[in-house]
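A.B. asks: Provided below are the primary sequence and the corresponding predicted coordinates.
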Amino acid sequence: MERPDWAPDDVDLSRPSVARAYDYWLGGSHNFEVDREFARQALAAVPDLRLVARANREFLHRAVRFMLDEGIRQFLDIGSGIPTVGNVHEIAQRVDPDARVVYVDIDPVAVAHSTRILADQPNAVALMEDLRHPEVILEHPETRRLLDLDQPVGLLLVSVVHAIADEDDPYGLVRRLWTALAPGSCVAISHVTTDSRPDEMGEGARLSGRTSTPVTARTLSQVQNLFAGLELVEPGVVWSPLWRPETPDDVGEYPERMSFYVGVGRRR
């Protein structure tokens, strides 16, 4: 397989990446044939997967706007993925040009493309790191350069915690991150589930085992437990289209088909 000029040398072209498949579902072009093949197989199992991905992305946008309304001007976006329309720094800097964002992802294509986009952006940076290393992320020189952890931070964990297996203690990892942040910080989480569509989404989760970041789907109560110790913002943990929709069209006829539980918690 020929390596595109935008692909880092250390990318394994033989194994699909969920981040790059997600880019494909959203209409992006930073993916390889192995990613597209996986993405097409997932679409065969879950035909409306593109709508699911878009609904999850729209939750991210609404959560960022909510945090901006709360006065937050700095964001830590872990599992940020491959840049697409409506990145966090774009939304935040429309409100405040001095807003700061640290993007973190484990996928080298996501980080390389983000770094290229952010080359002339002094208030945003992309790091290649793993959610399973929260202290490394928090203590990274670029994180410390851009974010003041003594002031409220918007922690974004959108479509990433389900990439953490139970044995890696996702609940402890989330807690270690937000306890390092100042009171007034907010945490947004979106997480895939098979609760409403066990056959379709279960097959999608099974297929993810071929990728570098297999998915562990979780139940409503398990996702709610990720917010333990935080004050849940209304309406709590709900299907992605039901979290503070801005128009009736945002909700759709069957919000449960979007198969993501989402919520925002506030650190007191």
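C.D. replies: Okay, I see it. Numbering: from 1, shown residues only.

A.B. asks: got a list of what the residue nearest to residue 241 when sequence neighbours are not counted touches?
C.D. replies: Among residues not flanking residue 241 along the chain, residue 255 sits closest, at 4.2 Å (CB to CB, 6 or more residues apart in numbering). In this view, the C-beta of every residue, glycine as well, is placed from N, C-alpha and C. Residue 255 makes contact with 239, 240, 241, 242, according to CB atoms under 8 Å, 6 or more residues apart in numbering.

A.B. asks: any chance of the residues you listed in JSON lines, with pLDDT and distance to residue 197 too?
C.D. replies: Below are the contacts of residue 255 laid out as JSON lines (pLDDT from 0 to 100; distance: CB to CB, whole Å):
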{"residue": "239", "pLDDT": "98", "distance to residue 197": "11"}
{"residue": "240", "pLDDT": "97", "distance to residue 197": "13"}
{"residue": "241", "pLDDT": "97", "distance to residue 197": "15"}
{"residue": "242", "pLDDT": "97", "distance to residue 197": "16"}
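
A.B. asks: so which of those is the most crowded?
C.D. replies: residue 240 (28 neighbours; other CB atoms under 10 Å).

A.B. asks: List the contacts of it.
C.D. replies: Contacts for residue 240 were tallied using CB under 8 Å, 6+ apart; they are 55, 56, 58, 59, 190, 255, 258, 260, 261, 262.

A.B. asks: And the spatially most central residue of the chain, how close does it get to residue 239?
C.D. replies: The centroid of the chain falls nearest to residue 158 when counting by CA atoms, centre = their mean (2.7 Å). Residue 158 sits 15 Å away from residue 239, going by CB to CB, to the nearest Å.

A.B. asks: One more: residue 166?
C.D. replies: The value you get for residue 166 to residue 239, if CB to CB is used, is 23 Å.

A.B. asks: just residue 186 next, same as before
C.D. replies: 20 Å.

A.B. asks: again, but for residue 205
C.D. replies: From residue 205 over to residue 239 the distance is 17 Å, taken as CB to CB.

A.B. asks: swap in residue 24?
C.D. replies: In terms of CB to CB, residue 24 sits 24 Å off from residue 239.

A.B. asks: what helix or strand is residue 111 on?
C.D. replies: Taking DSSP states H and E as the criterion, residue 111 maps to helix 108-117.

A.B. asks: If you count neighbours, what's buried in that helix?
C.D. replies: 108, 109, 110, 111, 112, 113, 114, 117 (16 or more other CB atoms under 10 Å).

A.B. asks: try stretch 217-229
C.D. replies: So, applying 16+ other CB under 10 Å, buried residues of stretch 217-229: 217, 218, 222, 223, 224, 226, 227.

A.B. asks: go on, stretch 114-134?
C.D. replies: Applying 16+ other CB under 10 Å to stretch 114-134 flags 114, 117-118, 123-131, 134 as buried.

A.B. asks: Can I get that stretch as PDB, trimmed to CA atoms?
C.D. replies: Taking C-alpha atoms only, stretch 114-134 is exported to PDB below (Å, rounded to 0.1, in the frame of the first residue of the first chain):
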ATOM      1  CA  SER A 114      -3.800  18.600  13.900                       C
ATOM      2  CA  THR A 115      -0.300  19.900  14.300                       C
ATOM      3  CA  ARG A 116      -0.300  21.000  10.600                       C
ATOM      4  CA  ILE A 117      -3.600  22.800  11.000                       C
ATOM      5  CA  LEU A 118      -2.400  24.400  14.300                       C
ATOM      6  CA  ALA A 119       0.900  25.600  12.900                       C
ATOM      7  CA  ASP A 120      -0.100  29.300  13.100                       C
ATOM      8  CA  GLN A 121      -2.300  28.900  16.100                       C
ATOM      9  CA  PRO A 122      -0.400  30.000  19.300                       C
ATOM     10  CA  ASN A 123      -3.300  29.100  21.600                       C
ATOM     11  CA  ALA A 124      -3.800  25.500  20.600                       C
ATOM     12  CA  VAL A 125      -1.500  22.400  20.400                       C
ATOM     13  CA  ALA A 126      -1.800  18.700  19.700                       C
ATOM     14  CA  LEU A 127      -0.100  16.000  21.700                       C
ATOM     15  CA  MET A 128       0.300  12.300  21.000                       C
ATOM     16  CA  GLU A 129      -0.500  10.600  24.300                       C
ATOM     17  CA  ASP A 130      -2.800   8.000  25.900                       C
ATOM     18  CA  LEU A 131      -5.800   8.600  28.200                       C
ATOM     19  CA  ARG A 132      -4.300   5.800  30.300                       C
ATOM     20  CA  HIS A 133      -1.500   8.100  31.200                       C
ATOM     21  CA  PRO A 134      -3.400  11.000  32.900                       C
END
